[in-house]
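Asks: quick check, what structure comes out for this input:
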Amino acid sequence: MARKGFWRVLPRKYFSRRRRVDDSPSSSSEEASKLEETVARAEVVVVKWDPDSSAYANVTSLFHEDRLEARRFLARVCDLQRGMLDFVAEAAEPSRLSHPCLVRAQTLMQAAMRRLEKEFHQMLAANSDLLDPESRSVRSSRSSVSDDQGSDLWDESASPDQTDALAARESIAEIERAAAVVMTDLRAIADTMVFAGYGFECVRIYRTLRKSVVDEELYRLGFDRSLSSPQIKKMDWTVLELKIQSWLGACRVAVSTLFHRERVLIDQVFSKSNIVREAIFFGVAGDAALQLFAFPEWVAKSKWSPEKFFRLLDMHDAIGEVWPEVELVFSFESASSVRTQALASFAKLTEAVHGAFADFESTILREPARSVIPGGGVDPMTRYVTSYLTRLSNYHLSILEIFAELHPSPTQSAASDASSAVSISATGFAARLDKLFEAFLSHLERKANLYRDAALSNLFLANNLHYAVNRMRSCGLLGEQRAAQHSAKVRQYLAGYERMAWGGVAATVPVKEASSAAEARERMRTFAAALDEALSAQASWVVADAGMMEDIRATVREMVVPAYRAFCNRWRDVAVGPQLSPDEVRDRLGRVFSQSSGSDDSVRDSNRSGKSKINRLISGILKN
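Replies: Predicted coordinates:
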């Protein structure tokens, strides 16, 4: 070790060439005598524990072997440092700085620092578990459970389980005491080394050991620090999603446990120096934290895909959740880059969510309408879009904040309340949701135009809009006013279907008085043929919702059966030959869409691959 610790803390005034009034040979001799006494007292304990001069001292821990002597060792070192400072303060000439007694004191100080460096390193390396306040608090919280189970653990009649709980609490208390002892020793060593001018060596040891602990535990949490932005941009989504899941798990634990622990340790070990604490904390946790919070920004900058949208929201929520603690843990000015990086990732994720939502809207508009859905059932795109949107309900507050007029910060996110969320919804996400829904309706209309039968086209629109409105209303994404407007449109589509599909059948019902039995029979045959034709044409048509299907049946029966029953009653006493009775007509109309029983399941089965089909379609569009 170089002879430099003492000179680091030596003020410039000690090198003044001016002679002091009391600088006399007797005065100098007196100061040298005092220093020699101090050196002699320190030498007894320092030489004994010098690792370079004693095999015993090299393999034995001073603080573990004799704590009283350890305290004496530290006290003698501090006395030695003060003695050297006092001696130099009385030295008017620079040449006095090479006084043999001072040189001897400095040599002894170097030996003491070698000992303390060794003790500091061993203590940090051997007690990493004890130095984890989070694990200790977990143990304590577990022990408190047994406190709530009863207060009679000291009773002689206590059960074996209660006795075990008592033993566990005593063990935890012992661990707490041991941790407090280690922390006190580390702080005492650090204070002594900093006072003696060897703070750099102390910080170097601490930073090296604790940084390795941080890196190792971050690796155990599953965060891959070898990743870079170019790698993420080229990464397959299935692999990247696993990386994101690992990051989500690591982020919360790293901030609330790992980085928080290191901040607590540094604040306690280096409690007497704000400058040292600030410098050492960033050295221990800064690089790891920067890379941890850079990962979401890299993901946000990579190519968008439909599945990634919700992972972006997950990461956005995670940063918003840990932000208050990030501000607290990384409050040092030297750690401002960590706070800046977290904010940058949060803002980039917000921007990416906006962009992903806009891309999704554009994709719906650009999806080509090439084929029709048999029977006018629910389109795979309808299922995909509504599933996509209803899944957003799991991110209700985040979505409201993200689609606010102003980009939020994590601080604003943490401070949001119900009233502000309503305001944000009215001005932000609600408008974007309406725009996306309009794009979806435009897609449905393009698809409906492919049907050659206008009645089936209207049924298709009614099926799909009814399905979407019900799904979105159930998760709260569609307000009652909007839902009512869209429901009215569903009724318009149904009215168009009923008029086109059954208006012709209703027109054949003989409403006028027939002039003869032959005319009555002809009218009945015409009606029966029209009924058969309508039922045959709609045999494969689908109504996906059971309630809507019953409403359609009731409406059609009302259009046909009463008028037909009235005509039949007028000709009841006249032999007109074989005819459909009103009850038979009612029964046949009641069986329309009979293939739709459980239709939602059957259509879902026929479109089971709809989501994957749409995913492939969207991916293809985005590549072009």
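Asks: residue farthest from the centroid of the protein?
Replies: Among the C-alpha atoms of the chain, the one most distant from their mean position (CA atoms, centre = their mean) is that of residue 516, at 81.0 Å.
Asks: residue nearest the centroid of this structure?
Replies: Note: the chain centre (CA atoms, centre = their mean) maps to residue 318, 2.6 Å.
Asks: against residue 71, how distant is it?
Replies: Look at residue 318 and residue 71: by CB to CB, to the nearest Å, they are 46 Å apart. No exception for glycine: its C-beta is placed from N, CA and C like everyone else's.
Asks: where along the stretch 501-624 of the chain do the helices fall?
Replies: 517-537, 546-570, 582-590, 599-606, 610-623 (DSSP state H, counting those that start in this stretch).
Asks: for residue 436, which of these is the nearest?
Replies: Across the helices of the stretch 501-624 of the chain, residue 436 has its closest neighbour in helix 610-623 (14.1 Å, CB to CB).
Asks: low-confidence ranges, this structure, go.
Replies: Residues of the chain that meet the criterion pLDDT under 70 lie in 1-28, 57, 91-97, 133-172, 306, 404-428, 510-515, 571-578, 595-624.
Asks: about what we covered before: rebuild the helices of the stretch 501-624 of the chain as JSON lines, extending it with mean neighbour count.
Replies: Shown next, in JSON lines, are the helices of the stretch 501-624 of the chain (neighbours: other CB atoms under 10 Å):
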{"stretch": "helix 517-537", "mean neighbour count": "16"}
{"stretch": "helix 546-570", "mean neighbour count": "16"}
{"stretch": "helix 582-590", "mean neighbour count": "16"}
{"stretch": "helix 599-606", "mean neighbour count": "16"}
{"stretch": "helix 610-623", "mean neighbour count": "15"}
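Asks: okay, these in TSV with distance to residue 40 next?
Replies: Listed next are the helices of the stretch 501-624 of the chain as TSV, based on distance: least, CB to CB, whole Å:
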stretch	distance to residue 40
helix 517-537	116
helix 546-570	100
helix 582-590	114
helix 599-606	92
helix 610-623	81
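Asks: of those helices, which approaches residue 218 most closely?
Replies: Per CB to CB, nearest to residue 218 of the helices of the stretch 501-624 of the chain: helix 610-623, 33.0 Å.
Asks: run through who's touching stretch 583-596.
Replies: 375, 531, 535, 538-544, 546, 549, 552-553, 556-557, 560-561, 564, 580, 599, 602 (CB atoms under 8 Å, 6 or more residues apart in numbering).
Asks: ok, now with 6 Å
Replies: Outside stretch 583-596, the residues that touch it by CB atoms under 6 Å, 6 or more residues apart in numbering are 542, 543, 549, 553, 556, 557, 561, 564.
Asks: which residue ranges of the stretch 101-250 of the chain form helices?
Replies: Going by DSSP H, counting those that start in this stretch, the stretch 101-250 of the chain shows helices at 133-148, 160-195, 199-220, 229-234, 237-253.
Asks: summarise which helices and strands the third one is packed against.
Replies: Read that as helix 199-220. Helices and strands touching helix 199-220, as assessed by 3 or more CB pairs under 6 Å, 6 or more residues apart in numbering; DSSP states H and E, comprise helix 100-126.
Asks: again, only this time at 8 Å
Replies: Applying 3 or more CB pairs under 8 Å, 6 or more residues apart in numbering; DSSP states H and E, one finds that helix 199-220 contacts helix 100-126, helix 160-195, helix 260-269, helix 274-281, helix 287-301.
Asks: ditto for the shortest one
Replies: When contacts are defined as 3+ CB pairs under 8 Å, 6+ apart, helix 229-234 packs onto helix 287-301.
Asks: what's the following helix or strand after the helix it packs on?
Replies: Next helix or strand after helix 287-301 toward the C-terminus (DSSP states H and E): helix 308-329.
Asks: quick one: contacts of that following helix?
Replies: By CB under 8 Å, 6+ apart, helix 308-329 touches 237, 240-241, 244, 247-248, 251-252, 255-256, 259-260, 263, 293, 296, 299-300, 302, 338-339, 342, 345-346, 349-350, 352-353, 356-357, 360, 388, 391, 395, 398-399, 402, 410-411, 413-414.
Asks: send the alpha carbons of stretch 361-375 over as CSV?
Replies: Coordinates of each C-alpha in stretch 361-375 appear next as CSV, following Å, rounded to 0.1, in the frame of the first residue of the first chain:
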residue,chain,number,x,y,z
GLU,A,361,-57.2,0.7,-36.4
SER,A,362,-55.4,1.1,-39.7
THR,A,363,-55.1,-2.7,-40.1
ILE,A,364,-58.9,-3.1,-39.7
LEU,A,365,-59.5,-0.5,-42.4
ARG,A,366,-57.1,-2.2,-44.8
GLU,A,367,-58.2,-5.7,-44.2
PRO,A,368,-59.5,-6.9,-47.6
ALA,A,369,-63.0,-8.3,-47.8
ARG,A,370,-62.5,-11.3,-49.9
SER,A,371,-64.9,-13.9,-48.7
VAL,A,372,-68.2,-14.1,-46.8
ILE,A,373,-69.1,-16.0,-43.6
PRO,A,374,-71.5,-18.8,-44.4
GLY,A,375,-75.0,-18.1,-43.0
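Asks: how far off centre is it?
Replies: Centre-to-centre, stretch 361-375 and its host chain are 34 Å apart (CA atoms, centre = their mean, to the nearest Å).
Asks: pull out the buried positions in that stretch.
Replies: By neighbour count with 16 or more other CB atoms under 10 Å, stretch 361-375 contains the buried residues 361, 363, 364, 367, 372, 373, 375.
Asks: please report how far the second one lies from residue 542.
Replies: What that stands for is residue 363. Taking CB to CB, one finds residue 363 at 26 Å from residue 542.
Asks: same deal with the third one?
Replies: Between residue 364 and residue 542 the distance is 23 Å, computed by CB to CB.
Asks: thinking again about what came up before, for the helices and strands packed on helix 199-220, give me CSV that also has mean neighbour count.
Replies: Formatted as CSV, the helices and strands packed on helix 199-220 follow (neighbours: other CB under 10 Å):
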stretch, mean neighbour count
helix 100-126, 19
helix 160-195, 16
helix 260-269, 20
helix 274-281, 18
helix 287-301, 22
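Asks: closest one of the buried residues of stretch 361-375 to residue 225?
Replies: Once CB to CB is applied, the member of the buried residues of stretch 361-375 that ends up nearest residue 225 is residue 363, at 34.7 Å.
Asks: from residue 119, how far off is the closest one?
Replies: From residue 363 to residue 119 the distance is 65 Å (CB to CB).
Asks: tell me the domain boundaries of the chain?
Replies: 5-126, 199-338, 367-623 (automatic domain parsing).
Asks: which among those is found nearest to residue 193?
Replies: Nearest of those (CB to CB): domain 199-338, 4.1 Å.
Asks: to the chain's geometric centre, what's the distance from the closest one?
Replies: On the basis of CA atoms, centre = their mean, domain 199-338 is displaced by 13 Å from the centre of the chain it belongs to.
Asks: with stretch 116-132 instead?
Replies: 34 Å.
Asks: now what about that stretch, what contacts it?
Replies: 51, 61-63, 77, 135-136, 175, 178-179, 182-183, 185-186, 189-190, 192-193, 198, 201-202, 205-206, 209-210, 213, 261, 265.
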